[in-house]
Every structure is written in C-alpha cells, then in structure tokens.
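Asker: Fold the following, please.
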Amino acid sequence: MENLSHDINSQIAALEGLQQQHQKNLGLAQEIDAIYQDAQLPIVDPTALYAANMAAFKQYIPDIHASFIDYQPVKFELAQRHGELHLVDVEDNIVLGENYYRDGLIDFEKYRFNPQLTRIDFSDEIDNPINFVHVKYINQLTNLVNQVNQQHKQELILPEAVNMMVCFGLGLGYYLPLMLSKHQVKRLYIYEPEHDFFYASLFTLDWAGILQQLDANNSSLHLCLGANEDDFFADISSELISKGRYDSTFSFCYKHYATEQMDKALEKFNNQAFQVAFGFGFFDDSLLALAHQYHNLNKHVPLLGKAEPLPECATLPVFILANGPSLDEHIDYIIANRDKVLLVSCGTTIRALHQYGIKPDFHLEMERTRTTHSVLQSVGDEAYLRSIPLLTLNTISPDVLDLFDRQLMALKMVEPSTEIIMNPALGCDHDNLTQLMYCNPTVANLALSFFTRMGFKNIYLFGVDLGFSGDAHHSKKSIYYDKSGQDKKLFNKKALANLVAPGNHVEQVETTMIFQMSAAGLTELLRLYPEVNCYNLGQGIRIDNTIPTYQADICLPDSTLDKALFVEQMLTHYAVDTRVLAQQYSLILHQNLFSEFVDEMLALLQPSVADRYAALEQLQQQFILLHSKYETKDAFLADMLRGTLQHCHASIIKLLLLPASAEQGLAYYQQGIAIFVNYLQETKVKYSKELFEADKTDISDIWK
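Answerer: Model (predicted):
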C-alpha cells in the first residue's frame, strides 16, 4: 500500500506541475499579445532627457556623470530611422534591431515567466558529531528549503519582489521601465560592456525617473560599464561583499542580448559565484577560535611578527609538500634533494612523509577542531612529531600544540580572535604583529602564505594538486589508504569532485568547490607577491600565477647551509613574545558583550512584514547592523555572526521567493525566521557556557 500511495502522490505532483506550466504558458501568451497591441515607443525629447538624466546621475552616481559628460561614441551611435531612434553600427551603418523596442519588451516578458537564476544550495543534512549549533539549525533550514523547492519548483516566475537582479546587457534599456513597473527590485546590477550603449540610453531612457524610484524604495543600482568578464566578476564580487553575500546564492540573471563577451561573463558568474557565497566560518567556528587563542596565548606560544626577511630567504628554495596523488610521483626527487631545500609538510601529508622516511623541516596545521590531533596521533611516532617545528594559526586546537616542542603561530585575518588583538580601540599590544592573508581553506594556502610573508622567493609545489586526473585522490601513503594501498573511503571523491577545471600538465581535472577556492586563494596571494617564483609540479588544477614545471626544468643551487641552525634562526627571528598579550586578551574576553549584540540582531526580526519586499528589507537591515560594527571596538562581534548570517539568509531568501504566491512565500519566510531566531537564541547560551572551552571531540577511531 505504501508503494501505491507513493505512486499516486507522484502522479498527482506531475499533473499539478503540468497544470502550473500550462497556466504560465497561457499567461505569457496573453502578455505578449498585449505588447503586440499596445507597445508604443515613448516619444521623448532626446536633448531634454539627456540633460535631466545627467543632472540625476550627478546627484545619485557622480562618477557616471563625470564619465559621460564629454563622452563621444566610438562604435555605435543613435540615429533617426522612420521617426524612431535606433542604435546604428558606425562602421557599416547597420541598424541594431528594426523592432528593437517591441522585441525587447517581449524578450523580457518571456524572462518574467521563465526566469534564469544563479543558485547555490547547501548540501543535504550533514552529520553533527561535534554538536555545532550552526549545523543543527542549517540542517533544519536545508530540510525546509528542500520541501519548498520540491513543492514549488514547477511554478517559479519572477516574483513581485526581487532580491537581486543582474542584467547582462543594457542596450537602450527599454526593458527597465517594464521591470520596475511590475517588480520591486532591492538590488539592481547592470553589466554593459559597451560604453556606447549606455551613453545612447541617456537620450532614450528616463534614468532620472528610475533613479528616483529606486531611491524611494530604498533600492540600490550598480552599473558595471566597459569591463571584460574578469573585471566584471571582481566588480560584482565586491558589490556582493559590501551589500550582502547571501544574494549570490539566489540571483536572478537576465541576458538582454547575446555576444561572446556576454556569454563569458554570465558563465563566469554562474561557475564562480560560490567563491563569494562561501569561504568563511560560522558561530561555532568563531567561538572555538576565541577559546583556542585564549589557551594558546596562555601557553605563551609566540606569534609571527613583522620582521625583515633573513638574507637566506632570497635564494633558499622551499618545497611545499601537500597530500595530492602526484606527491608519490616526485618522492624520489624530493628525497634526493632534501638537503638543498626547506621541506614543508602540509596537514595529512605528514603521515605519507613518515611512511617514506622523510622528516620535513617544518610542519603546518590549521584546522581548529581537535580532529587534527587525532590525525597526527595516527602517525604513531611521538618523537618524530616532537622533533619537527610547527607553523600554525592562532585558531588551532591547544592539544595539537602539545604534540610539538617548537611552535610559531600566525594571526589569521578575518577572525574574531584576531580582530580583538588587532583592533586599536581594544588596546592590545599588536604593533609588531602581522596577519596572514589567503591562508585557507587548505593547508597549502597556509604554507604559501607563511613562506611568502617570511620573504622566500623560490617556492615549489609538490602534491598541491587540488584536483584529480586519475582514480587516486591523495598520496597512496597517506591516511586515506591502508597499508596495502586500498582506499579507506574517508574521502568521497565521487560525491565531492563534481566540478572540472583546467589542469596543470594535463588538459583538465575533476575538482571540488573547496579545492577551487583554494586555487583561487593561491592565485590571489601570489598576485600580492609578484617577485616570488612559484613552480607547480603537480598534475592537478592549474593555479594562475604559478609556473607549470617538470622535475627536469628545476635547477637548485648547491647549498652548504646548516639547515638545523637556520630553522632555529627563523623561529627566533620571526617570533613575538605573547605573555603580556595573553593577559590583555583575557581581560577583553571576560567582558562578554556578545549577548547584547545578538539581542540587537533579534530585535530587527520582531516586526511582522506585510509583503515580500518588506521581508527583503528586514534581512538587509540585519546585514547593515552587522557591518555597522566594523571599524568599531565591537568588530569581533560582527565576525562572530558573519558566516551565520550569510548561511541563514541564503536559505531564507529561497523560502521567501521560490513560491509564485507572495502569501505562501511569506508563510515560509516566517518559518525560516523562527528557525533563525532559535539559532540566535542558542548562540547566547553556548557563548556564555563555552567561551573558554577548547574542542575536546575525539574521533580518532576513524583515522586508525
């Protein structure tokens, strides 16, 4: 009977989907008929319109006014054709669209009934062995989103309230009045590669009215003009970061016209929006960071300081050894040249190196949970670990530090624990300290960040694959394989490697979202250090700003350097004593300002909202409050909830806008808000109880 009920329900759902699609098609046909009958190109005075528009841009967006006040078209200009203004290609006198106005309206009408999205969803419910508050409530939100999506996936139309509309192409912009007459758009982003098109729109489109309407609705407009796809993505990423990254997970994308340039920009946004959406932590992560830094400072572990590079850094090569499958192919070369270079081990690579009989000159770890301690213990050689200096971050589990006799921590940028130390308003001694940029999400990022900051100029990447060109996903000597080389199934390559990317020494590789983010971070870091030669010997993902290299191409200098002595010099030269800092940090933590901040956030969710646009405004007000804390002494509080807000808002936006019915969307929104309120309430309880508690989770059994 259960199977019969399931089949009947499936058939009902399919019939409902067909009915909804039929209704959408009927509505679209009616709207297009109306456009054919009524679409009349507005009669305007181009000169007067231009003057009014320029005055409005001078008031609202002065940079646009300054850029176009003396502008001269280059490739396209306006010309009269049959009493109407048209865009004309200057070189060959071709009119761009004889029925441009009507066709533009029809094209957007089709989009309204079948909108395209850049959408990023969270994974299905994930395990929560560490009992994170964040995982508990994100699982609840994810389950609710999945239910809503299943129920309403056939009916998606452009809602009457739009969180973010990204327009790929403006042309003369005739679709904008139609869009804004039927939809309240919270954030309007327009990408137009042709300056000539935007300039022409100043004579044909009532920009002054559009700017006033957006201002009255507390909406925003951002124009990206003349950019290629890379500059476009950098620009829209910056816009999302400043006004709410959560919109990157559910952005409506309208392509007004098709060109190779436009297609590249849209493809880049679709494929890389996750880099904006993710890549930072959440409440439980941040709470652990506060606690771990407290214990680590009280252990008097030194911090990485501002120091001029040692002279040897300019010439001494560094081999960064990561745990990718290509590490095994280079191991003989690494062993043969170990005395000429600094060997640097990343994370789980240490067990593979131990199996190969290699002791690195430095080992690096970064994960804040105690899982790292379990992995290191699985090496099974306490003396081996103690003999290796550890380079790590201030967020690391204190228990990990206890496995090494010599340690040096660095401050991880954009962490609440780091913010407390580096915020001038809080009075900690930080003048001699430095922060590491682009030091996550993988330990390879941390290694490159450490050694570029310390002044090394010649760095070689071995096993930094971040992608797979074959069946193996890590070194066969690593923790992920047993002694016979059989996969222990600790890394689900099939489930995780759902992306492809250009390869290094190979055409393309399979990769994961995290690995792509890692490669992007390595790229950006090296952009800051153009003097660094970074050679990539892996057969994984291509990393821009590295040099694809084969073993035969490497020319290492002969070295008579006493490496053991130099390592000790490094640990002394770059270290800053933390005894006074430990006392200062402790005093600040004991003030416990977190609950008051959460109450401010909760207060913004108290008023009921009457429509979907008001709901979007409510979420934005939370984002504005969060970011108002930056540049104040309470900036670390904003860092505590930055990732929490991003992840929760990303789910709540979908609950609000997926249903065609505004009433239904608001009902789901309130359910999502209720989950979010419970999340925030529980953060206050956990913060008070566990502020000074290091992670004690023991999952060592799975690493044996």
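Asker: Tell me where the stretch 301-450 of the chain has helices.
Answerer: 327-336, 349-356, 371-377, 382-386, 398-401, 416-422, 443-453 (DSSP state H, counting those that start in this stretch).
Asker: The stretch 51-200 of the chain now?
Answerer: 62-68, 100-113, 133-152, 175-182, 195-204.
Asker: got the buried residues for the first one?
Answerer: The neighbour-count check on helix 62-68 (16 or more other C-beta atoms under 10 Å) flags 64, 65, 67, 68 as buried. For every residue, glycine as well, the C-beta is placed using N, CA and C.
Asker: possible to save those as JSON lines with pLDDT and distance to residue 283?
Answerer: JSON lines is the format used below for the buried residues of helix 62-68 (pLDDT from 0 to 100; distance: C-beta to C-beta, whole Å):
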{"residue": "64", "pLDDT": "97", "distance to residue 283": "40"}
{"residue": "65", "pLDDT": "97", "distance to residue 283": "43"}
{"residue": "67", "pLDDT": "96", "distance to residue 283": "43"}
{"residue": "68", "pLDDT": "96", "distance to residue 283": "46"}
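Asker: Go through those residues and say which is closest to residue 645.
Answerer: Closest approach between the buried residues of helix 62-68 and residue 645, by C-beta to C-beta: residue 64, at 31.0 Å.
Asker: Next, count neighbours for the residue nearest to the closest one when sequence neighbours are not counted.
Answerer: Leaving aside its chain neighbours, residue 64 sits nearest to residue 57 (4.4 Å; criterion: C-beta to C-beta, 6 or more residues apart in numbering). Using other C-beta atoms under 10 Å, residue 57 has 22 other residues around it.
Asker: Contact partners for residue 57?
Answerer: The neighbours of residue 57, taking C-beta atoms under 8 Å, 6 or more residues apart in numbering as the test, are 64, 65, 68, 207, 211.
Asker: quick one: contacts for residue 654?
Answerer: Per C-beta under 8 Å, 6+ apart, neighbours of residue 654: 121, 145, 148, 149, 249, 250.
Asker: hey, what's the residue lying closest to residue 497 once chain neighbours are set aside bridged with?
Answerer: Nearest non-adjacent residue to residue 497, counting by C-beta to C-beta, 6+ apart: residue 510, 4.1 Å away. Beta-bridge pairing for residue 510 (DSSP bridges): residue 468, residue 500.
Asker: and stretch 581-601, how far out from the chain's middle?
Answerer: 27 Å (C-alpha atoms, centre = their mean, to the nearest Å).
Asker: average pLDDT for that stretch?
Answerer: Taken as a whole, stretch 581-601 has an average pLDDT of 94.
Asker: Just the terminal-to-terminal distance for it.
Answerer: End-to-end span of stretch 581-601 (C-alpha to C-alpha, to the nearest Å): 31 Å.
Asker: Need the residues that contact stretch 425-432.
Answerer: 305-306, 420-422, 576, 580-581, 584-585, 588, 632-633.
Asker: Could you do stretch 505-515 as well?
Answerer: 274, 278, 441-442, 465-469, 493, 496-503, 519, 538-541, 548, 550.
Asker: Just the buried ones out of those residues, please.
Answerer: So, of these, 274, 278, 441-442, 465-469, 493, 496-497, 499, 501, 503, 519, 538-541 end up buried under the neighbour-count rule (16+ other C-beta under 10 Å).
Asker: Grab the nearest non-local neighbour of residue 390.
Answerer: Per C-beta to C-beta, 6+ apart, closest to residue 390 is residue 404, 3.9 Å.
Asker: correct me, but the one you found touches residue 364?
Answerer: No. In this structure, residue 404 is not within contact of residue 364 by C-beta atoms under 8 Å, at 11.0 Å.
Asker: Which one of the two is surrounded by more residues?
Answerer: residue 364 (30 against 19).
Asker: where's that one relative to residue 321, distance?
Answerer: 10 Å (C-beta to C-beta, to the nearest Å).
Asker: between these two, what contacts are shared?
Answerer: The contact lists of residue 364 and residue 321 share 344, 345, 346, where a contact means C-beta under 8 Å, 6+ apart.
Asker: okay, now the last one: neighbour count?
Answerer: The reference is to residue 346. 30.
Asker: That one and residue 445 touch, don't they?
Answerer: No. With contact defined as C-beta under 8 Å, residue 346 does not count as touching residue 445 (9.2 Å).
Asker: Farthest pair within the contacts of residue 654?
Answerer: 148 and 249 (14.7 Å).
Asker: and the two? which has more neighbours close in?
Answerer: The neighbour count for residue 148 versus residue 249, taken as other C-beta under 10 Å, is higher for residue 249 (27 against 22).
Asker: and that one, what is it in contact with?
Answerer: Per C-beta under 8 Å, 6+ apart, neighbours of residue 249: 119, 120, 121, 273, 277, 650, 653, 654.
Asker: before we move on, what about residue 56?
Answerer: Residue 56 neighbours (C-beta under 8 Å, 6+ apart): 207, 208, 211, 212.
Asker: Residue 216 versus the spatially closest residue to the last one that is not a sequence neighbour, what's the distance?
Answerer: Take residue 212 and drop its neighbours on the chain: the residue closest to it by C-beta to C-beta, 6+ apart is residue 56, 7.2 Å away. Applying C-beta to C-beta, the value for residue 56 to residue 216 is 13 Å.
Asker: again, but for residue 643
Answerer: Counting by C-beta to C-beta - residue 643 and residue 216 are separated by 33 Å.
Asker: Noted, bye for now.
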